[in-house]
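Engineer: make a model of this:
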Amino acid sequence: MTSAIAGNGVLLQLGDGSTGSETFTTIAEVLDIDGPSQAREQLEVTSHSSNGWREYIAGLRDGGEVSFPVNMVPADQDDLRALYDDGTQANFKIIYPNGWKDTFAAIVTSWSTKSPVDGAVTDEIKLKISGEVTRAQGTS
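Structural biologist: Here you go, the predicted model:
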């Protein structure tokens, strides 16, 4: 029987882009992680012989997006901000406390800052996944 896991302790990591054995560094000050939000297209194939019902087949999969707020500490997010500014794709990992990890390539598609009167200043960052999200066990 498998056990549910708490979300506290999940790490979002950014790869350094080196070939061979890429090094991943934990992105500092991440508050919540939403995603990957993967989806599959449905292709309509309804014909005159569909007996009045719409029919579908599975289409392409989309890796989706990952969004997350961070406490705004610019020096801690310089590498991530540079990816946004340059439009460069990078490798990311989400490492869960139970030893599973999601690995994917993505581009930073949005960056917005929130400055609440009674809270910390945060940046909301969104990644668009390019290609497959692989889920495997192990933290390296």
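Engineer: gap between Ile27 and Ile107?
Structural biologist: 15 Å (Cβ to Cβ, to the nearest Å). (Each C-beta comes from the backbone N, C-alpha and C, glycine too.)
Engineer: compare these two (neighbour count), which wins?
Structural biologist: Ile27 (19 against 16; other Cβ atoms under 10 Å).
Engineer: okay, and the beta partners of the closest residue to the more buried one other than its chain neighbours?
Structural biologist: Nearest residue to Ile27 in three dimensions, chain neighbours excluded: Leu12, at 4.9 Å (Cβ to Cβ, 6 or more residues apart in numbering). Beta bridges link Leu12 to Ile94 when assigned by DSSP bridges.
Engineer: for the remainder of this discussion, apply numbering that starts at 348.
Structural biologist: Sure, I'll start counting at 348 from here, so that last one is Leu359.
Engineer: wouldn't Leu359 be in contact with Ile380 here?
Structural biologist: Yes - under the criterion of Cβ atoms under 8 Å, Leu359 makes contact with Ile380 at 5.7 Å.
Engineer: so what sits against both of these two?
Structural biologist: 413, 415, 441 (Cβ atoms under 8 Å, 6 or more residues apart in numbering).
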